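Chemist: Quick one, what's the 3D model for this:
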Amino acid sequence: MTSTAPDVRPDPPHSPDDRSLTEFGYRQELHRSLSRYASFAAGFSFISVLTTVFQFFAFGYAFGGPVFFWTWPAVLLGQLLVAACFAELAARYPISGAIYQWSSRLSTPTFGWFVGWIMVIGQIVVVAAAALALQIVMPAIWSGFQIVGGDPTPTTATGAANAAVLGVILLALTTVVNILDNRVLSVVNRVGVTAEIIGAILIIVLLFTHSERSPGITFHTAEGSTDLLGALLVGSFMAAYVMIGFDSAGEMSEETHNPRRTAPRTILTALGAAGLLGGLLVLGGLLAAPSLTDGKLGVDGLSYVLTSSLGDGVGRFLLADVVVAITVATLAIQTSACRMLFSMARDGQLPFAARLAKVNPRTGMPNAPALVVGVLAAALLLLNFASPEAFLAIGTTCIVMLYLAYAMVTGPLLVRRLKGTFPTTGTDETGKPLFSLGRWGVPVNALALLYGLFMTVNLAWPRAEVYDPAGGHWWFQWFTVLFLLATLVLGLLYRVTRTRQTRSAGATTSVPPGQP
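Modeler: As a prediction, this is how the structure comes out:
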């Protein structure tokens, strides 16, 4: 494939951060203005515990009962293994489009392209799934937010349709912010994350002070459940959906001060903070729920707990903070997808690459990727008008895509470790040694890969009771598998077509800047 990447001969660098980027053959185009807290906010807001816990708590409880709480620490441990590997990579390759860039350098440009392709499609689906979360909380705050009318429950026809309407409005807002200026983006992100952390802590304190039962309830299964393992495997979907996106701190490396030092730490702290707060939210919700058997906890989730246990006034105030978290999460996820598109386009690896790689010199933002991600995510929301089952299908599909992309990074990384070709030394911008797992690298990496592959299969498994509970919609039962296959086929067709075009034009395949 002929690279259509722009001339990357850099201007004279003015900082160690700029020099770090030119080592990989790129010039500084994105504005480098993010502090350590802003980098942390990028990872934390993608995870967004308030968004995702409120969105999927009801699902996890419906299938697993109180015992589903234990899937949280299990998933957190697995993701910390992955995050530790990513922290090493962020220190050595501080480049936008992190997953794509890392996999390209650890394996081959072709393999890296497919990883980036899967990741960016997955991120677009995550944007759509995050925007749908507004339906969980906004009608609970005020019935007027149920614009379509009827039952606001996301699994009903009217609830699903209204979720799509609210989601499209939110995507229009986040797309505008993603075009404005990265300083505006940073301020919105930091303010939103701060509000989310304060709100999460307040909710946790209030839930624990309104406990109705002891933590021993977490050893109980769902009423009538006989398949504990199956319940836990499905119940783990919530934790798996929450704890993704911590790599966003690496995605923003080209906009971060001292990225080799900052990004590894913010990747780990973002996941650690989200894991702690999310686990306490789940436990607090189980302890404070007015009832575990009236069926409401498995339908309305934490929104029901807040408004029932804390009163309408306090409950709605806290739900308003959840709306802020959902908004900032959607913004952060869209930003991450934009950086992935920009990074791949800069290497000439996508259609309309020149346009997608163009950065507005005044704002430091790649505008075209923001529009592409916003429009495609909004189009996905239209599935909700077809059937309420789309809510879960979209949510689970995005998790599978990201888990698979993560495994396609940890796999080549493990091979490089075993061959002894992974760089373990070096210094960051301050002259201190780069983050390294040292002798723990191989075992941590191997466990991270096994965990990622296991969860990918678990999440994608076409369980009829999960994806098509009403029956008659086989395409929803197989939606995740079919979507993944379609993504791979489309990617393969594009690669084959481009290769034939370059050959017929007599062009030679060139390697994008910095790639092996």
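
Chemist: any idea how far E465 is from the closest residue to Y467 other than its chain neighbours?
Modeler: Nearest non-adjacent residue to Y467, counting by Cβ to Cβ, 6 or more residues apart in numbering: Q477, 4.6 Å away. Where C-beta positions appear, they are placed from N, C-alpha and C, glycine not excepted. Q477 sits 9 Å away from E465, going by Cβ to Cβ, to the nearest Å.

Chemist: Looking at the two, which is more packed in?
Modeler: Taking neighbours as other Cβ atoms under 10 Å, Q477 and E465 compare with Q477 leading, 20 against 11.

Chemist: Secondary structure class of T269, three-state.
Modeler: Secondary structure assignment for T269 (DSSP: H, G, I helix; E, B strand; the rest coil): helix.

Chemist: Tell me how many other residues surround it.
Modeler: 18.

Chemist: wait, what's in contact with it?
Modeler: Contacts for T269 (Cβ atoms under 8 Å, 6 or more residues apart in numbering) come out as 40, 43.

Chemist: any idea how far stretch 349-366 is from the chain center?
Modeler: 22 Å (Cα atoms, centre = their mean, to the nearest Å).

Chemist: ok, and what's touching it?
Modeler: Here stretch 349-366 makes contact (Cβ under 8 Å, 6+ apart) with 1, 3-6, 29-31, 33, 113, 116, 178-182, 185, 255, 338-339, 341-342, 344-347, 367-369, 372, 494, 512.

Chemist: make it 6 Å
Modeler: Residues outside stretch 349-366 that contact it (Cβ atoms under 6 Å, 6 or more residues apart in numbering): 4, 29-31, 113, 181-182, 341-342, 344-346, 367-369.

Chemist: which of these lies closest to V409?
Modeler: Of all the contacts of stretch 349-366, V409 sits closest to W113, with 13.4 Å by Cβ to Cβ.

Chemist: residue contacts, that closest one?
Modeler: By Cβ under 6 Å, 6+ apart, W113 lies in contact with Q349.

Chemist: where does it land in three-state SS?
Modeler: Under three-state DSSP, W113 falls in the helix class.

Chemist: Would you mind measuring from it to R495?
Modeler: Using Cβ to Cβ, one gets 7 Å for the distance from W113 to R495.

Chemist: What sits closest to L404 if chain neighbours are left out?
Modeler: T456 (5.1 Å).

Chemist: any idea how far that neighbour lies from G313?
Modeler: 43 Å.

Chemist: repeat for F24
Modeler: From F24 to G313 the distance is 54 Å (Cβ to Cβ).

Chemist: what about the two, which has more around it?
Modeler: The residue with more neighbours, out of F24 and G313, is F24; 15 against 9, by other Cβ under 10 Å.

Chemist: secondary structure element for that one?
Modeler: Counting by DSSP states H and E, no helix or strand carries F24.

Chemist: Equivalent analysis for L404, please.
Modeler: When elements are assigned from DSSP H and E, L404 belongs to helix 390-419.

Chemist: which other residues reach the helix or strand that that helix is followed by?
Modeler: Following helix 390-419 in sequence order, the next helix or strand is helix 441-460 (DSSP H and E). By Cβ under 6 Å, 6+ apart, the residues outside helix 441-460 that reach it are 78, 81-82, 84-85, 233, 240, 396, 399-400, 403-404, 406-407, 410-411, 413-414, 417, 437, 480-481.

Chemist: how far off helix 390-419 does helix 441-460 point, in degrees?
Modeler: In terms of direction (axes from the mean of the first three to the mean of the last three Cα atoms, to 10 degrees), helix 441-460 departs from helix 390-419 by 160 degrees.

Chemist: next structured bit after helix 441-460?
Modeler: Using DSSP H and E, the next helix or strand after helix 441-460 towards the C-terminus is helix 464-467.

Chemist: what distance separates that next one from the middle of the whole chain?
Modeler: Its chain's average C-alpha position is 23 Å from that of helix 464-467, according to Cα atoms, centre = their mean.

Chemist: name the helices or strands packed onto the helix or strand that that helix is followed by?
Modeler: From helix 464-467 onward toward the C-terminus, using DSSP H and E, the following helix or strand is helix 474-477. With contacts taken as 3 or more Cβ pairs under 6 Å, 6 or more residues apart in numbering; DSSP states H and E, helix 474-477 sits against helix 464-467.

Chemist: buried sites along stretch 104-114?
Modeler: 104-107, 109, 112-114 (16 or more other Cβ atoms under 10 Å).

Chemist: Just give me the residue right at the centre of the chain.
Modeler: Against the mean C-alpha coordinate of the chain, by Cα atoms, centre = their mean, the closest residue is G245 at 3.5 Å.

Chemist: Could I get the pLDDT score of that one?
Modeler: Looking at G245, its pLDDT reads 91.

Chemist: What of C398?
Modeler: pLDDT for C398: 85.

Chemist: separation between it and F422?
Modeler: 29 Å.

Chemist: between those two, who's got more neighbours?
Modeler: Legend: neighbour count by other Cβ under 10 Å for C398 and F422, higher for C398 (27 against 20).

Chemist: tell me the contacts of that one?
Modeler: So C398 contacts 122, 125-126, 129 (Cβ under 6 Å, 6+ apart).

Chemist: Of these, just say which sits nearest to V137.
Modeler: For those, the minimum distance to V137 (Cβ to Cβ) is 14.8 Å, reached by A129.

Chemist: re the thing from before, any chance of a markdown table for the contacts of C398, columns neighbour count?
Modeler: Converted to a markdown table, these look like this (neighbours: other Cβ atoms under 10 Å):
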| residue | neighbour count |
| --- | --- |
| G122 | 27 |
| V125 | 27 |
| V126 | 28 |
| A129 | 29 |
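
Chemist: Any chance of TSV for the residues you listed, columns distance to K296?
Modeler: Output for the contacts of C398, formatted as TSV (distance: Cβ to Cβ, whole Å):
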residue	distance to K296
G122	32
V125	29
V126	28
A129	23
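
Chemist: Serialize the residues you listed to a markdown table and add fields for distance to A38, pLDDT and secondary structure.
Modeler: Formatted as a markdown table, the contacts of C398 follow (distance: Cβ to Cβ, whole Å; pLDDT from 0 to 100; DSSP: H, G, I helix; E, B strand; the rest coil):
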| residue | distance to A38 | pLDDT | secondary structure |
| --- | --- | --- | --- |
| G122 | 24 | 92 | helix |
| V125 | 26 | 90 | helix |
| V126 | 21 | 91 | helix |
| A129 | 24 | 88 | helix |
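
Chemist: Can you give me the neighbour number for the closest residue to L106 other than its chain neighbours?
Modeler: Excluding the flanking residues, the one nearest L106 by Cβ to Cβ, 6+ apart is P412, at 3.9 Å. A count of nearby residues for P412, using other Cβ under 10 Å, gives 22.

Chemist: Do a quick rundown of the strands in this structure.
Modeler: Counting by DSSP state E, the chain has no strands to list.
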